[in-house]
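J.: The amino acid sequence is not available; the structure is as follows:
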């Protein structure tokens, strides 16, 4: 297995005054190029912290992140993030939000016209070209998330990081957007790391599911391969035995062996 | 911006009595005129109540002050005394014997100058204090003390420093209006959502780009709140400062009128000061609305 993105013995300890909390303990993971990997766990287990570490927004206490065998510890467009709450800048139009990243990443390699075409190409990929002059407040939640995905894709990241990208959406919109992301992954072959707490979503989308134990000191409890052929169809999978088995495994992990204990 | 329209209404509507006939009179021709009629009705709804209140207050004032021996003139006297000033605001007999337009414009120039300086310096300092924890710890206590000093208390000191009325007045405006601008800008900067900072980090904006593309637009609603309070304070300060420094200016006009016992002129000047202050406030508010139209959170 060739490691494209490698998490090497990552620990994360938060210190507040005299109290220290160990959030992540000894996280090791290798991801191949073009793989779709999901990280699933109960809330508060440190999934988002892990994603922030990979994105470079937070530093690991020990250990590090290697992308193509080079250590990365500051944020950059090679690890573009799709944030849970879309995080579009409300004073910019849809087009300008995507353009912001494109202008920085391709400042030297693309002409003005090429950058414009590239922005429109990415908006077309997520079917949002029609709303290019709208502001985020004028479009729906699902559309905002599409634009967020376009913004990340337009930076041509080596790894696309999705932080619970569908968490804030209603069920129908979510299914629709999941299909879109699946189609994009099929078409572009991106390496994708997604944080989620939705079992169906994880099984449907991923090549591998990384299950995290409960915090504090959350570890990787189990890694499950999802041997389902692509392209996957939501309706057919509903009765597929492999799908159901994978789903069962994840549910068992989450609800029997590592049941979520309510914080006192 | 509302004010000129209101003024016209005042002059045309009050003699005719109530403005209700205006609504009824709009022609009922094609559908476009209906929209026009609705517009007129909506304007009337907003304009008539204040007109009624003003008319009533004027009436009470007239009744109270009409008695012989009352200290203040009734509105009819004010109007008779100041008719020339109202009708010809542009005369210039040299010295300080000028029309009200020139007094107001002299005051406005000082405010424009001092306020522009304080807007620039205030936003710059606010960004510094909002962005840097150490700057905040160092400067904030100082600001909190300095901002409580009344505007006029600065005047003797600035006269001593500048040895001239004009820069002193500008300095007083500057020092009066800068505090709300600094404090609101700092709050705005401190409240920039972490999400926006994360986006900027992932895109790798440099500090200058972050300042222009994220920080200023994100903090703009707060900044404009500060600017709006600031313009109000500078208009307050200029009238007071001008009373003391003399020369051309609405503040000194009032003081001069008092010294010559022209009470009617004082009243007229106060009305003008109020209207100009109102217009300034609306101007900044309107500018803020245009600039921050995209910043409204969903």
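T.: That came through, no problem. The shown structure was predicted, so the numbers you read here are calculated from the model rather than taken from an experiment.
J.: Residue numbers of chain A in contact with chain B?
T.: A:55-57, A:74-77, A:79-81, A:83, A:85, A:87, A:89-92, A:100-101, A:104-105, A:135-137, A:155 (Cβ under 8 Å from any Cβ of the partner chain). All C-beta atoms are positioned from the backbone trio N, CA, C, and that covers glycine.
J.: Narrow these to those in helices?
T.: A:55, A:100, A:101, A:104, A:105 (DSSP state H).
J.: Show me where chain A has its helices.
T.: Going by DSSP H, chain A shows helices at A:47-55, A:94-105, A:112-125, A:141-154, A:171-188, A:199-205, A:234-237, A:241-252.
J.: Let's see the pLDDT reported for residue A:64.
T.: On pLDDT, residue A:64 comes in at 87.
J.: neighbours around it, how many?
T.: For residue A:64, the count of nearby residues is 15 (other Cβ atoms under 10 Å in any protein chain shown).
J.: my read: residue B:210 touches residue B:200, true?
T.: Yes. In this structure, residue B:210 is within contact of residue B:200 by Cβ atoms under 8 Å, at 5.0 Å.
J.: Neighbour count: those two, which is higher?
T.: Applying other Cβ under 10 Å to residue B:210 and residue B:200 shows that residue B:200 carries more neighbours, namely 22 against 19.
J.: low-scoring stretches of the stretch 151-298 of chain B, by residue?
T.: Across the stretch 151-298 of chain B, the ranges flagged by pLDDT under 70 are B:294-298.
J.: now do 80
T.: B:293-298 (pLDDT under 80).
J.: What residues does the stretch 51-200 of chain B have near chain A?
T.: B:193, B:195, B:196, B:198, B:199.
J.: From residue B:286, how far out is the third one?
T.: Think residue B:196. To residue B:286, residue B:196 is 26 Å away according to Cβ to Cβ, to the nearest Å.
J.: need the contact list for the nearest residue to residue A:71 once chain neighbours are set aside.
T.: Of all residues not flanking residue A:71 in the chain, residue A:64 sits nearest, at 5.1 Å (Cβ to Cβ, 6 or more residues apart in numbering or on different chains). When contacts are counted by Cβ atoms under 8 Å, 6 or more residues apart in numbering or on different chains, residue A:64 touches A:8, A:10, A:71, A:73.
J.: sorry, back to before: need the buried ones from the residues of chain A next to chain B selected in PyMOL.
T.: Remark: buried members of the residues of chain A next to chain B, expressed as a PyMOL selection using 16 or more other Cβ atoms under 10 Å in any protein chain shown:
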select buried, chain A and resi 55+56+57+75+76+77+79+80+81+83+87+89+90+91+92+100+101+104+105+135+136+155
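J.: and the closest residue to residue A:175 other than its chain neighbours, how many residues sit next to it?
T.: Nearest-residue entry for residue A:175: residue A:234, 6.7 Å, with adjacent residues in sequence omitted and distances by Cβ to Cβ, 6+ apart. Residue A:234 sits with 13 neighbouring residues when counted by other Cβ under 10 Å.
J.: Same question for the one 3 residues further on.
T.: Applying the criterion other Cβ under 10 Å, we find 17 residues in the vicinity of residue A:237.
J.: Was I right to think it contacts residue A:229?
T.: No. Counting by Cβ under 8 Å, residue A:237 stays clear of residue A:229, with 10.5 Å between them.
J.: just to revisit the earlier point, ok, the contacts of residue A:64 vs chain B, which is closest?
T.: Lowest distance from chain B to the contacts of residue A:64 (Cβ to the nearest Cβ) belongs to residue A:73, with 12.3 Å.
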